[in-house]
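Enquirer: Mind looking at a prediction? Sequence and model below.
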Amino acid sequence: MTALLSIENLSIALPRGADREHAAKHVSFSIDRGEVFCVVGESGSGKSLTAAAILGLLPPGVRASAGRILFEGQDLLTLSLPELRRISGKRIGMVFQDPMTALNPLHTVGSQVAEVFRIHTTLDRAEIADRVLDLLETMRLPEPRQIARAYPHELSGGQRQRCVIAMAMALEPALLIADEPTTALDVTTQAQILALIRDLQARRGMGVMFITHDFGVVAEVATRIAVMRQGEVVEQGDAQAILNQPRHPYSQALIAAMPALRPPPYQPSSAAPVLRVEGVHKTYRRRGRTVAALKDVSLTLRRGTTLGVVGESGSGKSTLARCLVKLVEPEQGAIRVLETDITRLSGSAWRAQTGRIQMVFQDPFTSLNPRRRVGDLVTQGIAMRGVRGADLKERARDLFRLVGLDPAAIDRFPHEFSGGQRQRIGLARALALEPDVLVADEPVSALDLSVQAQVLDLLAGLRRKLGLSMVFITHDLRVAAQVCDRVAIMQRGEVVEEGPAETLLTAPSHPYSRELLAAVPGRGWAGGA
Amino acid sequence: MRILRLVLRRLSLSIPCLGIILAVLFFLLQLAPGDAVDALIGQMGTSDDTLSKLLRSYYGLDGSVVAQFTGYLGRLVTLDLGLSVAYGTPVLALILERLPVTVVLMVTSMAMAFTAGCVVGVIAARYVHRWPDTIISVLGMLVYSMPSFWFGLMAIVLFAVTLGWLPAGGISDLRAGHTGLALMLDMAKHLVMPALTLGLIFFAVYLRVMRTAMLEVMTLDFMRTARAKGLQERAVLFRHALRNALLPMVTIAGLQASSMLGGAVVVESVFSLPGLGRLAQEAVVQRDLNMLLGITVMSSVLVIVVNLVIDIIYAKLDPRIDVGA
Amino acid sequence: MTDLHVTRRAALVAGAGLAFNGAPLHAQDAPRRGGTVTVQVATDPRFLMPALRGNFSITNLAAKVVEPLVDLGEDGQPQGRLATSWDSTPDGLAITFRLRDGVKWHDGKPFTAADVQFSAMEMWRRVQNYGTIVFRNLVAVDTPDPLTAIFRFSKPMPLRLMLHAGTELSYVAPRHLYEGTDFFANPVNMAPIGTGPFRFVNYTAGQHVIVERNPDYWDAGKPYLDRIITRFIADPAGAAAAVESGAVDMSIFSSLPRTDLVRLSREARFRVSQKGNEANSIGNTLCFNHRKPELQDVRVRRAFAHAIDVNFYVRSFLLGLGKRGLGLQPSFSEFFFPGLTDYPFDARKAEALLDEAGFRRGQGGIRMTLRMTSTNGDDAVRFATFVQQSLARVGVRITITTYDSAGYLANVMRDWNFDLTGETIGFRNDPQISTTVFLRSGQPRGVPWSNQWGWESPAMDALIDAAAEAVDPDRRRALYRDLGEMVMQELPMWLAIEQVYTSVTAVKLRNDHNNPRWTGSHWSDLWIAA
């Protein structure tokens, strides 16, 4: 029996002026019916463009320059666009990364699902409506009738992704291509979606091409794996074999970069508390509805330790971070840095104290002013304290050395740096004022796995060297396990459980903590360190 | 219900705004040298002392500025816009006589500019960076940078003087004395060139907005989803891209509505159309305060109504808009 | 440079030719009845009762409906309309008009001497602009019978003045519709009822006036036309297009761009001519604020006149559609006197006069700096700019400020906030109507187009007053000659240019422009050739 999809020697040429010639070079692999084939790689590995090439969805200027894509014996690269579209959606379904943007915001999801039937079948309106409802039910969506009538913005991320999958699955395609389908989702939602895809695949016996950067996810779903790096498949084979005994050094490095879910042994600290959050409440009012973002949150951070705040979107963890740097004023409660309650400080008094608590932001691309030299950005706070000229430059160079950047680079602009480097600049900026407390809001979640590992290493090093006290906000339990002494788990504005990371990540007591832990992909796999 | 809330909220914001505009305009006009009687005498060609005094008291221009303004506001509440000094007739009657031409001119030119801008913008976006796009962009730039009256004049020279296809100006052929349907057709014929001229400037704006909007929408993820579903390219464009790209267009249309009144002044005078724009221009020269304030009230109402309609259209187009917030 | 010169020369030739070759052709064939004539004018006077407001843009529209006692005939001499004959007592204190019999108002009521009496006493004398000046000394109008009106004056009234002023000011309003009403609020102002050859049909503000044939007109068989439509098209280019596309048959009062006038004059379809406008002409004057010390020296004023090359201006900027002025009245007037003292263009002489007056060139070659105030009309701004550039050459720096009509009146006439102004003076057939008021002292402050210049000369005042009451035509003429010479000597103001309006007429029209104030007359004999 021939393979369902067989990619032979595929090369994808990038337009002139791109950073390299090919997005994919001599890529070959095949996918059979009934298997989940994972293509793993970091950003820029060419995995997404390879998937896009299958359905002719390459962006303008990018084209498949060599090779064949055989689907059910037919070379898709030789088909005209209209011919290809007759296969798309019918024989091959596709699911994309971001359910927020994958749906047209102006049409109801029902009509968008129905569109697949309208394109490829001759069913009448009523039949289509029935099929849509059936489909949504199959996707385990509650109240399918309401969902069908809803617009995308009225649904949660998980519900939207189920709708996107429903579209892809509507005509029971032979092949499902899923491009990072769970990356934008919360961990518990991710677990549900992965379960859904696995389940559908098993019931319908279709082939799945699953693209991801996350080895945890790979461990959950893959039957076979191809690892890609810079447009080339460096290793492919049986999932278990590669996960447990990767042969190629790159695969080994990638797997090694996976933070282990097992935290190091807890070392209790008896140092004095440097930050105390006491009974903080914050409520948002929107359209007459009130949302309690923080409900009676109390936490303590001791000097020289790291407190992880873990939660899914909407749990209130980011609001908490904002309260800590006074971007948001809580209605009730106190936030004491050493003995000062910063919630009671006036604007000018706070500005005089900003050095005491500093923040590192999630997105390294938007948090740096693109028009200023990075050296100036880093030493802005010091300059405000009267340091000038050569002293200032020297401080900038010191800080760059501290975060592992070339001190000579202080005169460059942010866009000349990679994401990981920018996050280091953000860190240097936060450290410049030698804060008592560092608040890091998802500092590594936008980074590739290998870069993430480097930044986490850096943080660990700095902690040892400077005795940093840090509040570390994250959604990723693996990351939390690596950097935190203690962890607080938040759900709907409340801290449901707080304790040593070791205890919490091995034997959580609160049901939600248990659920969260159970949802971590690849939990059963011993991979990583 | 959603729409009703929107209407009420808009109106509650508009009324104080209108009051401020009127006050500013009223006192600003006091700063202009000379009053309506000066302007009237300027046109009469001569006058003497007693006649000037007589005219000033007749038109109520001899009271204090504040008294004149409060008097005006008091009458406005009862929808009395006062008497035009320049014409000696009620302002409301004059405005209502002129309003239809301006409204028809604005609506047709806006509709033409909008439709043409959409179509050509889509074509430009579809063939981006290829020759149709280049030609369209160059033409658009050309149209945008030319003064509107120039197009009007060139159109008159070509279509009215040289070819004799369309009338050179005015709103109807008085000699023919048409009535009923024939009159309507005749008026439509007279409005073709003015509407095209006025529309042309705005067309260039719409074209550019549409092209940009389409290009932006075409990069969005849901376009890829639509293609992956198996939708053919044309359907992708029309069913998914177009409606999304219309959102910024509708916003621009709302903003343009007010500036259109300004453009209407020029076009109305080139084509000697009896519209509100020209009336406003005359009112300034004639220091016809009542008339100017009346036109301001009326055009504010017009702009408010247009924006309301635009908001309703927008709310209909985009389910994400929460009109109650 | 050379090209420009050639172009100007070509324009000059064309412009000079235009006043002559475009003279209307008076066909010998019999008048044809019927048809509509469409006329374009730039401004809507927004008022249609000439008995209350004397202005040629009103008479142009209303003289078809409302009639005066007298108008001008083809020979330029007074011709009876509502009056059939007139005479004056030797002392000039009473002027008797015999009125036309069998004349009816458009509403059917008979026209009588009572209407004349009412119009003269209540309207012309009291509220009509110009009328308040000309009829200042009118004490009564006696009506011994329904067809006789005797005007009685407290001071002598020259008959010629009465008749010539009468062509502009003696429009008779229906007493039965005005008596006891607030004149300016009377709806008849906007929908006139008169005795004329046409009946008012419709006025739409800013758009058009329509009048139609009066079948009961006293001059049996007239008018020839069915309708006259007058359209207000303010934009000169739009008006030119309307003429060229045939949408209008006639454009009057120089409403088209000068270049279009020159161009159309070469087309066989149109007659472009100044004929028929002579009595309603205008002059560009340079008026001085005599309160300004520099301008009190007559040598300075004479120097200014010498410094400005009027002939060059007329050729180059007016494309020949104008003429150098002299004295007080335009050259076709019987009160124009060639041979008065003049100040031909001579920059060197101008400089010498300024030196002599003690204004030597100082820093940057500047002798003095003056403000010239102007209206924002194209013609006025062009003239002001030319004055500015001419005087700059002799070391006088001029700064120009422009205002719209209302702003100009407030600044110049009321606030006296100017040094120089390029005032436009409208000629009204007789110096007494609109000209001497520019020179007579004692005008109340703020009255537009009167002596607001601060000019006071007892000798000139005496001459003006004597002429105003001079009943004997020859003596009257001699007095105005003396006044003209005195004005040229003293130069309280300087009539630099006289301009006659230009009309563009489709060649199919007959009997058009057949009297000196044709645009403001009855048009009952106008007809359209097949």
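Expert: Received, thanks.
Enquirer: quick one: A:Leu377 and A:Pro414 touch, right?
Expert: Yes. Using C-beta atoms under 8 Å, A:Leu377 is in contact with A:Pro414, at 7.4 Å. No exception for glycine: its C-beta is placed from N, CA and C like everyone else's.
Enquirer: Which neighbours do those two have in common?
Expert: A:Leu368, A:Asn369, A:Ile425 (C-beta atoms under 8 Å, 6 or more residues apart in numbering or on different chains).
Enquirer: What about those, which one has the most neighbours?
Expert: Greatest neighbour count in the shared contacts of A:Leu377 and A:Pro414, by other C-beta atoms under 10 Å in any protein chain shown, goes to A:Ile425: 25 neighbours.
Enquirer: List the contacts of B:Leu61.
Expert: Here B:Leu61 is in contact with B:Asp35, B:Ala36, B:Val37, B:Gln68, B:Val85 (criterion: C-beta under 8 Å, 6+ apart).
Enquirer: Let's have the residues you listed in TSV, adding secondary structure, distance to chain A and pLDDT.
Expert: Formatted as TSV, the contacts of B:Leu61 follow (DSSP: H, G, I helix; E, B strand; the rest coil; distance: C-beta to the nearest C-beta, whole Å; pLDDT from 0 to 100):
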residue	secondary structure	distance to chain A	pLDDT
B:Asp35	coil	52	79
B:Ala36	helix	51	79
B:Val37	helix	56	80
B:Gln68	helix	45	78
B:Val85	coil	51	79
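Enquirer: ok, which pair from the residues you listed is furthest apart?
Expert: Distance extremes for these: the farthest pair is B:Val37 and B:Gln68 at 13.6 Å, using C-beta to C-beta.
Enquirer: And those two? Which one has more around it.
Expert: Neighbour count, other C-beta under 10 Å: between B:Val37 and B:Gln68, B:Val37 has more, with 24 against 16.
Enquirer: you'd agree that one is up against B:Lys53?
Expert: No. Applying C-beta under 8 Å as the test, B:Val37 and B:Lys53 come out as separate, 9.0 Å apart.
Enquirer: burial count for B:Ile136?
Expert: Counted with other C-beta under 10 Å, B:Ile136 comes out at 19.
Enquirer: Just give the nearest non-adjacent residue to it, would you?
Expert: Computed as C-beta to C-beta, 6 or more residues apart in numbering or on different chains, the closest residue to B:Ile136 that is not its neighbour in sequence is B:Ala124, at 4.3 Å.
Enquirer: List the residues that contact the one you found.
Expert: Taking C-beta under 8 Å, 6+ apart as the test, what B:Ala124 contacts is B:Pro132, B:Asp133, B:Ile136, B:Ser137, B:Leu207, B:Met210, B:Arg211, B:Met214.
Enquirer: measure the first one to chain C for me?
Expert: Distance, B:Pro132 to chain C, by C-beta to the nearest C-beta, to the nearest Å: 34 Å.
Enquirer: which non-adjacent residue is nearest the residue of the stretch 401-529 of chain A found nearest chain C?
Expert: Nearest to chain C, among the residues of the stretch 401-529 of chain A, is A:Phe413, at 51.6 Å (C-beta to the nearest C-beta). Nearest residue to A:Phe413 in three dimensions, chain neighbours excluded: A:Arg373, at 6.2 Å (C-beta to C-beta, 6+ apart).
Enquirer: and if you look at C:Thr375?
Expert: Nearest to C:Thr375 is C:Tyr408, by C-beta to C-beta, 6+ apart, at 4.5 Å.
Enquirer: For the one you found, grab phi and psi.
Expert: phi -60, psi -50 (degrees, to the nearest 10).
Enquirer: contacting residues for it?
Expert: B:Gly34, B:Gly42, C:Thr373, C:Ser374, C:Thr375, C:Asn376, C:Thr402.
Enquirer: Which one of the residues you listed is nearest to C:Leu61?
Expert: For these, the nearest to C:Leu61 is B:Gly42 (18.4 Å; C-beta to C-beta).
Enquirer: Then that closest one would be within a helix, right?
Expert: Yes. The assignment for B:Gly42 by DSSP: H, G, I helix; E, B strand; the rest coil puts it in a helix.
Enquirer: Show me where the stretch 251-400 of chain C dips below the pLDDT cut-off.
Expert: When residues are selected by pLDDT under 70, none of them lie in the stretch 251-400 of chain C.
Enquirer: Strands of that one, residue ranges please.
Expert: C:270-273, C:282-288, C:323-324, C:368-375, C:396-403 (DSSP state E, counting those that start in this stretch).
Enquirer: what does the fourth one contact?
Expert: Spelled out, that is strand C:368-375. C:292, C:294-295, C:359, C:380-381, C:383-384, C:387-388, C:395-405, C:408, C:411-412, C:417-422.
Enquirer: Each with direction, which strands does that strand pair with?
Expert: strand C:396-403 (parallel), strand C:420-421 (parallel) (DSSP bridges).
Enquirer: and C:Val500, what is it in contact with?
Expert: Applying C-beta under 8 Å, 6+ apart, the residues contacting C:Val500 are C:Gln274, C:Asn277, C:Glu278, C:Ser281, C:Leu321, C:Gly322, C:Pro330, C:Phe332.
Enquirer: Of all pairs in those, which one is the farthest apart?
Expert: Maximum distance among those (C-beta to C-beta): 14.7 Å, for C:Leu321 and C:Phe332.
Enquirer: Between those two, which has more neighbouring residues?
Expert: Taking neighbours as other C-beta under 10 Å, C:Leu321 and C:Phe332 compare with C:Leu321 leading, 21 against 16.
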